[in-house]
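Chemist: the following block contains a protein sequence and its predicted model.
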Amino acid sequence: MDPIEEKSSKTVDIYRDTWVRFLGYANEVGEAFRALVPVSLVWGSYAVATAYVTADAVDKGKKAAVAHGDNPGRTTRVAVAVVDTFVWQALASVIIPGFTINRVCAASLYMLGKSTKWPLPVRKWTTTAIGLSTIPFIITPIDRSVDFLLDSSLRKIYSAEEEEKHK
């Protein structure tokens, strides 16, 4: 099959393959701008990212329900799809990156205050630029780390339950 045909015949996941994916990064952007905007806007960015995470989890649950039809164990498989997606997305899209950007920005603002004589607005804008420029570099390592964490913990529970049902 031609790679172009293969790509076009593949189902598009709106939450992973379209611009909607960037909504998951809203809180990182909010954290990068924390020094410049009211804290309510930062919390608003977390609301957007959390809505994205929740919508993706619900979507994966609906897809699991359709895929498993009326088969035995359908409810469990739907629950696993929802929980796995929600936990993965919450960790990889909201909690860990939000904390990381928050700490990068806090440290850079502190260091700029100690090492330069730049006026506060310049330090704040520089901190925001540092935070925004950090985002692309943290995504893949965080995603892979969350994969490893879930593969080493929560997903072992899912697979153990599946094996028990098939015995």
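Modeler: Alright, I've got the coordinates.

Chemist: make it CA atoms for all contacts and neighbour counts henceforth
Modeler: Will do.

Chemist: helix or strand with the lowest mean pLDDT in the protein?
Modeler: Lowest on mean pLDDT, DSSP states H and E among the helices and strands of the chain sits helix 3-9, with a mean of 50.

Chemist: for the residue nearest to the spatial centre of the chain, list the residues it contacts.
Modeler: In the chain, the centroid-proximal residue (CA atoms, centre = their mean) is Ser93; its distance is 1.5 Å. Residues near Ser93 by CA atoms under 8 Å, 6 or more residues apart in numbering: 24-25, 49, 53.

Chemist: most neighbours, which of those?
Modeler: Val53 (26 neighbours; other CA atoms under 10 Å).

Chemist: that one and Thr134, how far apart?
Modeler: Shown here: Val53 relative to Thr134, a distance of 21 Å by CA to CA, to the nearest Å.

Chemist: same check on Leu120?
Modeler: Counting by CA to CA - Leu120 and Thr134 are separated by 21 Å.

Chemist: of these two, which one has the most company?
Modeler: Neighbour totals were compared for Leu120 and Thr134, and Thr134 leads with 17 against 12 (other CA under 10 Å).

Chemist: which helix or strand contains Ala81?
Modeler: Element membership for Ala81 (DSSP states H and E) is helix 74-89.

Chemist: now what about that helix, what contacts it?
Modeler: Contacts for helix 74-89 (CA under 8 Å, 6+ apart): 53-54, 56-58, 60-62, 64-65, 68, 146-147, 150, 154-155, 158.

Chemist: of those, buried ones?
Modeler: 53-54, 56-58, 60-61, 64-65, 146-147, 150, 155 (16 or more other CA atoms under 10 Å).
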